[in-house]
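I need the structure of the sequence given here:
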Amino acid sequence: MSVVISGICGFVGSSLARWLKESQPDLEIFGFDNFSRPGSHLNRAVLDGMGIKVFHADVRQASDVDNMPKAKWVIDAAANPSVLAGVDGISSSKQVIESNLYGSVNLLEYAKRHQAGFILISSSRVYSIAELQKIPLAPGAESYVFDEKQQSPQGVSANGIAESFSTAAPISLYGGTKLASEVLALEYAAMSNIPVWINRCGVLAGAGQFGRPDQGIFSYWIHSYLARQPLRYVGFGGSGLQVRDCLHPSDLSLLIKQQMDTANDGRPQICNIGGGKNSAMSLKQLSNWCSEKFAEHTVSTSSDTRMFDTPWIVMDNGLAKNTWKFEPKVSLNDILEEIAVHAKEHPEWLKVSAI
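As a prediction, this is how the structure comes out:
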């Protein structure tokens, strides 16, 4: 069987490629990347050494995608994954739409032409900002805690945000392009009779991730803390109580292996894929973990409220458990330890990734 991965030299794409190849040596894996992310070129030699062919191509260019060899499955892992994309002054709104939406369309056309299955790496940020901000929370000593005594929006519980949670705008350009890609993927599945699976991922984290304040926060925080770089809690009173869950890419890879062995058989095509409440942590808790690991480092505070900031996003992966028997195997502490080891071995990492 053959698999093509877009964004194959990014953290998610390269992690998926390596894990799938190691678990199935006879699997033919190839992919492409435009290497726009600083540091992504470092993954190319590793993949080449594993027999994984890497093409220099751009998902936004239909002709580039059309020229890819034929594959049985497509994994759409190319995206500008920042919730601030298009409003941060770094990328334009049109660039975000071209990368995240038009790129998915080019891949869906490829899948239709070759009758290939399609797996979309989507995002927790498809969920409504306004409704996320209505989630009842109580400020604990080190993190916000879901308040079960108060009325909640539909689709959220102490277990996290479920697939039934509102996706009403605004959700950011990043979230909007991902949500639009989901809809189009389902349309292509119905129109062309190709298998489509959509994984709404929470924060993916692990060694080798090029973290930034707006993406890859666990990696960014640990590398910055160890290097004694400036860090600050932004928004929500500068408390650092905001919570995210995280998932190791090997757990996502194991799920995708199952999905590639399955045709559309009536299972839900959209599932939340995250670490869940057992892998959730606030920035303050992460700082405390780093302090114990590396010695204390001062974190400044800012009460400024930024567009699209939310205090609590934990993914309820109950549907994935019922559908795929999905159960994260890599614990939160193991993820943090893995990143810490990498940070000690690569003190230049923040510079390499242009942070």
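
what ranges does this protein have for its helices?
Using DSSP state H, the helices of the chain run over 11-23, 42-49, 62-66, 93-97, 103-114, 129-132, 172-192, 217-226, 249-260, 283-294, 318-324, 332-345, 349-352.

what's the closest of those to residue 269?
helix 172-192 (6.4 Å; Cβ to Cβ). Yep, even glycine has a C-beta here, placed from its N, CA and C like the rest.

packing partners of that closest one?
If you count contacts as 3 or more Cβ pairs under 8 Å, 6 or more residues apart in numbering; DSSP states H and E, helix 172-192 packs onto helix 93-97, helix 103-114, strand 117-123, strand 196-201.

shaky segments in the stretch 51-200 of the chain?
84-86, 89 (pLDDT under 70).

and with 80 instead?
Within the stretch 51-200 of the chain, the ranges that satisfy pLDDT under 80 run 81-91.

thinking again about what came up before, so of the helices of the chain, which one's packed in deepest?
Neighbour counts (mean count of other Cβ atoms under 10 Å) averaged over each of those peak at helix 217-226, with a mean of 24.

residues contacting that helix, please?
Contact with helix 217-226 is made by 203, 205-206, 209-213, 229-231, 244, 246, 283, 286-287, 290-291, 294, 297, 335-336, 339-340, 343-344, 347, 349-350, 355, as judged by Cβ atoms under 8 Å, 6 or more residues apart in numbering.

please save the CA atoms from that helix in PDB.
Coordinates of each C-alpha in helix 217-226 appear next as PDB, following Å, rounded to 0.1, in the frame of the first residue of the first chain:
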ATOM      1  CA  ILE A 217       2.900  25.600  23.100                       C
ATOM      2  CA  PHE A 218       4.200  22.700  25.200                       C
ATOM      3  CA  SER A 219       7.400  22.500  23.200                       C
ATOM      4  CA  TYR A 220       7.900  26.300  23.100                       C
ATOM      5  CA  TRP A 221       7.400  26.700  26.800                       C
ATOM      6  CA  ILE A 222       9.800  23.900  27.800                       C
ATOM      7  CA  HIS A 223      12.500  25.000  25.400                       C
ATOM      8  CA  SER A 224      12.100  28.600  26.400                       C
ATOM      9  CA  TYR A 225      12.100  27.900  30.100                       C
ATOM     10  CA  LEU A 226      15.300  25.800  29.900                       C
END
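
run the angle between that helix and helix 283-294 for me.
Compare the direction of helix 217-226 with that of helix 283-294 by axes from the mean of the first three to the mean of the last three Cα atoms, to 10 degrees and you get 50 degrees.

which residue packs closest to residue 352, ignoring adjacent ones?
Counting by Cβ to Cβ, 6 or more residues apart in numbering, residue 39 is the residue found nearest to residue 352 once chain neighbours are left out, at 4.7 Å.
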